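> The sequence and its predicted three-dimensional model are supplied below.
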Amino acid sequence: MRLLRLPSYLCIAATLWVSHNAHAQKTPVEYVETRIGTAPSSTESAKAHSEAGSEMKGQTIPMVGVPNGMTQWTPQTRATETKCIAPYYYNDNKFQGFRGTHWLNGSCVQDYGSVTVMPMSGELIVNADLRGSIFSHENEVSSPDYYSVWLDALNIRAEVTGGARSGMMRFKFGSGEESFIIIEPNSDEGQGFVEVMPERGEVVGYNPVHRIYQGSGQSAGFSGYFVLKFDKKIIQSGVWLGDTITPMGRTLTGKGKREKLGAYLGFGEEKQVVTVRIGTSFTSIEAARMNLEKELGTKSFETVQKEARQVWNEALGKVAVKGSDKDKVLFYSALYRTKLAPRLFSDVDGQYPSFAGGTPLQKADGFDYYCDFSLWDTFRGAMPLEILLEPKRAGDMMQSLVKKAEQGGWMPIFPCWNHYTAAMIGDHVMSVMADAYVKNVRNFDLNSAYTYLRKNAFEVNSNPKSYEAGKGRRALKSYLEYGYVPLEDSVWQAFHKREQVSRTLEYAYDDFCLSVLANGLGKTEDAAHLHQRALNYRNVIDPGTGYARGRYADGRWISNFDPFAKRSSFITEGSPAQYTWFVPQDIAGLAEIMGGYNAFLNKLDTLFEQGHYWHGNEPNHQIAYLYAYAGQPWKTQQWTRKIIRDEYDTSTGGLSGNEDSGQMSAWLAFSMVGFYPVAPGTDQYVLGSPVFEEAVISVGKGKKFTIMAKGVSDGAPYIQSALLNGKPFTRTFITQDDLSKGGSLVLQMGASPNRKWGSQPQDMPFSLSKK
């Protein structure tokens, strides 16, 4: 836990604790700063390339709970579930309560099914904007397992910790005035429900979930349910709607008129401590109560926090690093942010709402069911990191995707709030499943998975209503007909319309990934066909310019073309010069179209040296590693180190763009250790420049893989030589098999590049066209 300046009455205790533990080794969780990314980005590339206001924000929140929990707990400074508005922003100064949130960390989507709990003293004020209490960040204690804040005006210390489906709050009322607690289901539509049961010491309720993107505004078919149990006698209680308070009121159901509603409890006029136990569920109030009893029972606040801390230390401790404390804060904070999504969706008994409708309830048998897969972002690094460090959980996530396909009829592309969305482009379930498969994660139904993945790749959804709802690949008819998506196809049934070139590039890569699965499952005819489709990227790389370029159905290239334009209608969130490099399955083939490796390298140099690289958005993330495919791995070492130092820091503005469900941090975590999965769906990780002198990765079955970087520093980022398990090593990549067997990679680092190391063709990573 990183302790900030505490109120005076806690300083003595904190000093004694520090003195007692001065020589104790810190655990990983103590290096985590949960508020990185909660303020606008301060990096130069973010300022240069971001357009929408939200692109300048990390969109993270200081989440408390356990890795991949169903419900996470955060201080709230914004009282809405509206798209692109996170529950907490560092630059806000009023605390509105603790929110049980389902915010997709670092995103620009919506929160849903959430509930907020706020302590008050003296006057009862229910409106979130008016009841907010000014607070100082110096009075926050923020850690993955615990958050607390001192509310000066109210004389209240508010604390929270949590489990997978439950939370525990403790409010220390110090004023001696009437002590209130407000409970608010955060339904922007005004459709929430609350019921007060003073005789049981409980408040229960729900917040109905609605869709955005495809089916925007429609019911998602389920709600966020909650049960709150209080340990002190309730002296007074009631409900409220808008500004109208109804003392003694027991139940209230919103009428859908966008009015805020909730319940309140009073505990009398005395200095006191009130503890709240909360269970949550997506299936029913009864299930929320069951989750509460199973996870919390009669445990003390300290016990729940200790258990959460232990879970975090076990998860973060799967990578043990040696280096500076500042770099450990940077690294473990990043690793923490990769473990907040996808979220657990099933109850302790395995029940969860059916995908894409909510009913009937389903039962996860032998696995945990997960949701909120921001796959356009996370297939690149965050999901491969999950596969590497948490293979059992990763397999459960794959099985969750299979079940979504079986229940909805099509494999989802970007499933959030347990529904189809068509929010982003591509079809990247193919990537994460192929990546799991080649890395020996097989605890999911491969045959069923392949059936639905193949359907996405080969069958055009001709049902207008179903397609509109988000089922099936966007623009697949055009893609199959032309081998690319022509500019005439506006792709209007999608949140991201047009963007035809980016779609083509991503579909070609996804087809490659499906070919990997087809090969593995003995589907030789499919594999051959998909292998050929994996070369469709060639249809949108203009050999005349060497850049990705919009193309019409008759084969003509778009005129008035500027590859460095920050936005183009046929490119997703970036420039043609940036998206050109998204051919992870065949970098050698891309270089050939450009005119050979010299032209390829010149274009890479132009991108970086002239400031066209934008780390704040995901399509750029693999680019710095591509020098290793062209005989200049020392430039990969140079640029990855520069990106680590320029695009990340430990301040609240220390992310250069939206965190996007852990992907920004997954790039950092991988890169600080020294490698990155440029082409998920292959078993290779491309080497960069390790920051740490030693990183020990627990790879399962009691085995560990150690990367040692002798003499490494920011002034010595270049690999001079390497030994893999004691033998000379010149490859610019390591494999999953290298890692899984355990062993060591010892790198001798230096201040000047060794231009010969890793420069031969046999040292370069996989490409479809590599000779």
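Structure received.

> Identify the residues contacting the residue of the chain most remote from its centre.
Centroid-distance maximum for the chain: residue 269 at 43.6 Å, with C-alpha atoms, centre = their mean. The contact partners of residue 269, taken as C-beta atoms under 8 Å, 6 or more residues apart in numbering, are 176-179. For glycine as for every other residue, the C-beta is placed from the backbone atoms N, C-alpha and C.

> For the residue nearest to residue 591 when sequence neighbours are not counted, which residues are in contact?
Of all residues not flanking residue 591 in the chain, residue 600 sits nearest, at 3.9 Å (C-beta to C-beta, 6 or more residues apart in numbering). Residues in contact with residue 600 (C-beta under 8 Å, 6+ apart) are 590-591, 594, 630.

> try 7 Å this time
591, 594, 630 (C-beta atoms under 7 Å, 6 or more residues apart in numbering).

> any idea how far residue 87 is from it?
To residue 87, residue 600 is 44 Å away according to C-beta to C-beta, to the nearest Å.

> ok so, going back, what about the contacts of residue 269, which one has the most neighbours?
residue 179 (28 neighbours; other C-beta atoms under 10 Å).

> Make sure that residue is indeed in a strand.
Yes. Checked against DSSP: H, G, I helix; E, B strand; the rest coil, residue 179 lies within a strand.

> so it touches residue 267, yeah?
Yes. Judged on C-beta atoms under 7 Å, residue 179 makes contact with residue 267 at a distance of 4.4 Å.

> what is in contact with those two at once?
residue 274.

> circling back to that earlier point, which one of the contacts of residue 269 is nearest residue 716?
Using C-beta to C-beta, residue 179 comes nearest to residue 716 of the contacts of residue 269, at 58.7 Å.

> Per-residue pLDDT of that closest one, please?
The model reports residue 179 with a pLDDT of 98.

> What strand or helix carries residue 456?
Here residue 456 sits within helix 446-458, counting by DSSP states H and E.

> What would that helix look like as PDB? C-alpha coordinates only.
Provided in PDB are the C-alpha atoms of helix 446-458 (Å, rounded to 0.1, in the frame of the first residue of the first chain):
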ATOM      1  CA  LEU A 446     -12.200 -26.200 -29.200                       C
ATOM      2  CA  ASN A 447     -14.600 -27.900 -31.600                       C
ATOM      3  CA  SER A 448     -17.600 -25.700 -30.700                       C
ATOM      4  CA  ALA A 449     -15.300 -22.600 -30.800                       C
ATOM      5  CA  TYR A 450     -14.100 -23.500 -34.300                       C
ATOM      6  CA  THR A 451     -17.700 -24.000 -35.500                       C
ATOM      7  CA  TYR A 452     -18.700 -20.400 -34.500                       C
ATOM      8  CA  LEU A 453     -15.400 -18.800 -35.500                       C
ATOM      9  CA  ARG A 454     -15.700 -20.400 -38.900                       C
ATOM     10  CA  LYS A 455     -19.300 -19.100 -39.200                       C
ATOM     11  CA  ASN A 456     -18.000 -15.600 -38.600                       C
ATOM     12  CA  ALA A 457     -15.300 -16.000 -41.200                       C
ATOM     13  CA  PHE A 458     -17.300 -17.600 -44.000                       C
END
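
> List the buried residues in that helix.
Judged by neighbour count (16 or more other C-beta atoms under 10 Å), helix 446-458 contains these buried residues: 446, 449-450, 452-457.

> repeat for stretch 397-409
397-406, 408-409.

> Please narrow these to those residing in strands.
Per DSSP state E, strands hold no members of these.

> Format those residues as a markdown table; extra columns: pLDDT and distance to residue 537.
Shown next, in a markdown table, are the buried residues of stretch 397-409 (pLDDT from 0 to 100; distance: C-beta to C-beta, whole Å):
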| residue | pLDDT | distance to residue 537 |
| --- | --- | --- |
| 397 | 98 | 28 |
| 398 | 98 | 26 |
| 399 | 98 | 31 |
| 400 | 98 | 30 |
| 401 | 98 | 25 |
| 402 | 98 | 28 |
| 403 | 98 | 32 |
| 404 | 98 | 28 |
| 405 | 98 | 26 |
| 406 | 98 | 31 |
| 408 | 98 | 29 |
| 409 | 98 | 29 |
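
> Please narrow the residues you listed to those residing in helices.
397-406, 408 (DSSP state H).

> could I get the residues you listed as JSON lines with distance to residue 505?
JSON lines is the format used below for those (distance: C-beta to C-beta, whole Å):
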{"residue": "397", "distance to residue 505": "25"}
{"residue": "398", "distance to residue 505": "24"}
{"residue": "399", "distance to residue 505": "29"}
{"residue": "400", "distance to residue 505": "27"}
{"residue": "401", "distance to residue 505": "23"}
{"residue": "402", "distance to residue 505": "26"}
{"residue": "403", "distance to residue 505": "30"}
{"residue": "404", "distance to residue 505": "25"}
{"residue": "405", "distance to residue 505": "24"}
{"residue": "406", "distance to residue 505": "30"}
{"residue": "408", "distance to residue 505": "27"}
